[in-house]
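1. missing the sequence, but the structure's below:
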């Protein structure tokens, strides 16, 4: 779950585009040059470093790469190359020659990353320092044989000095990658339905809807359970389109079941095995496969499905993989079909089936959805088929996504259809709900806020002549969040959003009603995230004996100095109301804990038994430390505390004398997994199950504060931070 700042920065940097031609597909010797840069290579941004070609100091050929620290703040600089294509194998090795000069305050080395940090090595534990002559170094990482491994390689300098890099080689299982043929799965060669499914004008009645439900259950079960589909030999999306024409015309259940049984028979033979991941692990959730025996299927079809259930599976599947240790699922081989702005009926059925089965088998909180997920499948079959245009389709997908009640879910990636539907312009006031009233709590821009004539604490009662309560009720079914307070958080953000240049509001101030016409601004003219950017120091004293840490902006490197300032204080406030980075979590807890201890239990899914979730990982924090912090630790949370913020809160709250103050958090802990639906709709789920050490839940519930404190309208009017006030009061009473 935790990544260093360097890994995250490298991950973002490798998104940049690169130039590849057949002639210089790898260019690992840097001999193919364009615009003074080796073709295909990229350099990360850092104003205090330079990357250049060197034709004087080389190991082989005409050029080497020189990375050099110039002056200013010490950081790092990397040079990287994204390996094209995918290759079969178990191990990949990057080797190359490095020469250094006066490397200090860090190290030099090679680095390699697979699938955005699934496997990562930057030689941080064995980096090259000081002055050294040319020497060969290497990095070896694991490959996933069923994944399109995104492989990034390169060299880097952390700290001061110079490093030369030359004569790189990439090999897979000992064979030079330049001599290997790219791996192409048979499923990727199936292009038959690239331009459309050919499915249209589906007649819907109770029988057809029930039959499509059975098909969705069967299609998804086979996708994750059948060993031949797992190999990547079959384009399972397109197999759906091959069976649908005949399947939609069945006259009775017997004919339906015969088609499905024949479909399974044609997938080929496989070995049988009783798949058990581990009988020593504590089970959190079992697969939901009761439908196989409870759906009144024919004995032949039931027998075949049970046979597939007991098939021998390798633990690899072309359509899904699990991150090492953390165990969150990855769906890298799901085609987004981005060119289909409004997918045809067949692809819309595929979208429903894909999403529903991802939740069925790889959502760690399926048990917490609050209703029978199979009924949701049946309900949405006519909704997806009957959508009329791309907006209707996107909203239907969003409505389905909202049914899993997960604050990590939604339609992400600045979806243009959804943006246009919600509105591309915003008024200056930000809205928060206090006791179900829409209240102005700050302005995205102070100058623009003053121009509105609104004041902090104003209650918005109508927007464009619609009562706010009515707006909320309409938006709830399209607002994906784990709990009601987080739904209101999202609705508040969008309440004054429109496609018009103005928005009309009715507001209440001191029991009087006013009408205002507010000017709106496109996102490039107003800073929607202004409040979330830390402008003040990450640490301060709120009283002579009470320290305050902004968990959003604190860095691990700053903690030793801060510790000297706070170790004798009466109390410490950790403000966890915004999203933190992970790099300081271990360091800060090292000061707060007297010993290393478990603070969460994480569940992992399974490839061998899809739908099974077990407690497979226990995260520990802290260290043996007699000089730990003895004062009162107060952690502040609210509905903005989500994911990493909730994880941090769980860690800090395990320290002695800790107390949590605020309101219930967003209830979406653990890493987020993203994937796509046809039409390029990007969505996500909480990819891990996160529980307290004693098994208590966090999903949908959130972190429940020990002392509940919520902002009041009067407090907002007077510019007070009532959570900090309560924290000071609690510490002073301690």
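-> Right, received. Where do you want to start? If you're wondering where the values come from, they're calculated on a predicted model, not measured in any experiment.
2. Can you identify each of the strands in the stretch 451-600 of the chain by residue range?
-> 459-463, 466-467, 497-498, 502-509, 512-522, 539-543, 546-550, 571-575, 597-604 (DSSP state E, counting those that start in this stretch).
3. Can you lay out the ones you listed as JSON lines showing mean neighbour count, distance to residue 439 and mean pLDDT?
-> Where you see a C-beta, it was placed from the backbone N, CA and C, and this is true even at glycine. Shown next, in JSON lines, are the strands of the stretch 451-600 of the chain (neighbours: other C-beta atoms under 10 Å; distance: least, C-beta to C-beta, whole Å; pLDDT from 0 to 100):
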{"stretch": "strand 459-463", "mean neighbour count": "20", "distance to residue 439": "6", "mean pLDDT": "98"}
{"stretch": "strand 466-467", "mean neighbour count": "12", "distance to residue 439": "16", "mean pLDDT": "98"}
{"stretch": "strand 497-498", "mean neighbour count": "18", "distance to residue 439": "17", "mean pLDDT": "97"}
{"stretch": "strand 502-509", "mean neighbour count": "18", "distance to residue 439": "10", "mean pLDDT": "97"}
{"stretch": "strand 512-522", "mean neighbour count": "14", "distance to residue 439": "15", "mean pLDDT": "96"}
{"stretch": "strand 539-543", "mean neighbour count": "14", "distance to residue 439": "25", "mean pLDDT": "95"}
{"stretch": "strand 546-550", "mean neighbour count": "22", "distance to residue 439": "24", "mean pLDDT": "96"}
{"stretch": "strand 571-575", "mean neighbour count": "25", "distance to residue 439": "21", "mean pLDDT": "97"}
{"stretch": "strand 597-604", "mean neighbour count": "20", "distance to residue 439": "34", "mean pLDDT": "93"}
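4. quick one, what contacts the closest residue to residue 499 other than its chain neighbours?
-> Nearest residue to residue 499, sequence neighbours excluded (C-beta to C-beta, 6 or more residues apart in numbering): residue 423, at 5.0 Å. The contact partners of residue 423, taken as C-beta atoms under 8 Å, 6 or more residues apart in numbering, are 494, 497, 498, 499, 500, 520.
5. Test of understanding: give the bridge partners of residue 429.
-> Beta-bridge partners for residue 429, by DSSP bridges, are residue 443.
6. For the closest residue in space to residue 658 that isn't next to it in sequence, give its distance to residue 245.
-> Nearest in space to residue 658, with sequence neighbours left out and distances taken as C-beta to C-beta, 6+ apart, is residue 633 at 4.3 Å. Applying C-beta to C-beta, to the nearest Å, the value for residue 633 to residue 245 is 64 Å.
7. Neighbour count for the two, which is higher?
-> A side-by-side neighbour count of residue 633 and residue 245, using other C-beta atoms under 10 Å, places residue 633 first with 22 against 12.
8. Let me know the secondary structure of that one.
-> strand (DSSP: H, G, I helix; E, B strand; the rest coil).
9. quick one on the thing from earlier: surely the residue nearest to residue 658 meets residue 651?
-> No. Using C-beta atoms under 8 Å, residue 633 makes no contact with residue 651, being 11.2 Å away.
10. Find the residues that touch each one of these two.
-> Counting by C-beta under 8 Å, 6+ apart, nothing touches both residue 633 and residue 651.
11. what distance separates the longest strand seen in the chain from the middle of the whole chain?
-> What stands out as the longest strand in the chain, according to DSSP state E, is strand 91-114. The gap between where strand 91-114 is centred and where its chain is centred comes out at 29 Å by C-alpha atoms, centre = their mean, to the nearest Å.
12. same question, stretch 656-675
-> Taking C-alpha atoms, centre = their mean, one finds the center of stretch 656-675 at 15 Å from the center of the full chain.
13. mind listing what's buried in that stretch?
-> 658-673, 675 (16 or more other C-beta atoms under 10 Å).
14. One more: stretch 644-658?
-> 644-655, 658.
15. Which segments of this structure make up each domain?
-> 5-184, 206-362+370-403, 418-530, 533-733 (automatic domain parsing).
16. Relative to residue 704, which of the strands of the stretch 451-600 of the chain is closest?
-> Nearest to residue 704, of all the strands of the stretch 451-600 of the chain, is strand 597-604, at 15.4 Å by C-beta to C-beta.
17. Which strands or helices does the closest one pack on?
-> The contact analysis (3 or more C-beta pairs under 8 Å, 6 or more residues apart in numbering; DSSP states H and E) places strand 597-604 against strand 613-621, helix 644-652, strand 689-691.
18. between that strand and helix 644-652, how big is the angle?
-> 140 degrees (axes from the mean of the first three to the mean of the last three C-alpha atoms, to 10 degrees).
19. now strand 597-604, how far from the centre of its chain.
-> 19 Å.
20. who does that strand pair up with?
-> strand 613-621 (antiparallel), strand 689-691 (antiparallel).
21. Highest mean neighbour count out of those?
-> Most buried of the strands paired with strand 597-604 by mean neighbour count (mean count of other C-beta atoms under 10 Å) is strand 689-691; its value is a mean of 24.
22. Could you list the low-pLDDT ranges of the stretch 151-300 of the chain?
-> 275-280 (pLDDT under 70).
23. what mean pLDDT would you report for the longest strand of the chain?
-> Across strand 91-114, pLDDT averages out at 94.
24. What residues of that strand count as buried?
-> So, applying 16+ other C-beta under 10 Å, buried residues of strand 91-114: 92-100, 103, 106-114.
25. Skip ahead from that strand and say which helix or strand is next.
-> Downstream of strand 91-114, the first helix or strand assigned by DSSP states H and E is strand 119-121.
26. hey, where'd the strands end up in the stretch 101-250 of the chain?
-> 119-121, 128-142, 151-172, 175-176.
27. tell me the most buried of those strands?
-> strand 151-172 (a mean of 22).
28. Who are the packing partners of that one?
-> Against strand 151-172 (3+ C-beta pairs under 8 Å, 6+ apart) you get strand 64-69, strand 76-83, strand 91-114, strand 128-142.
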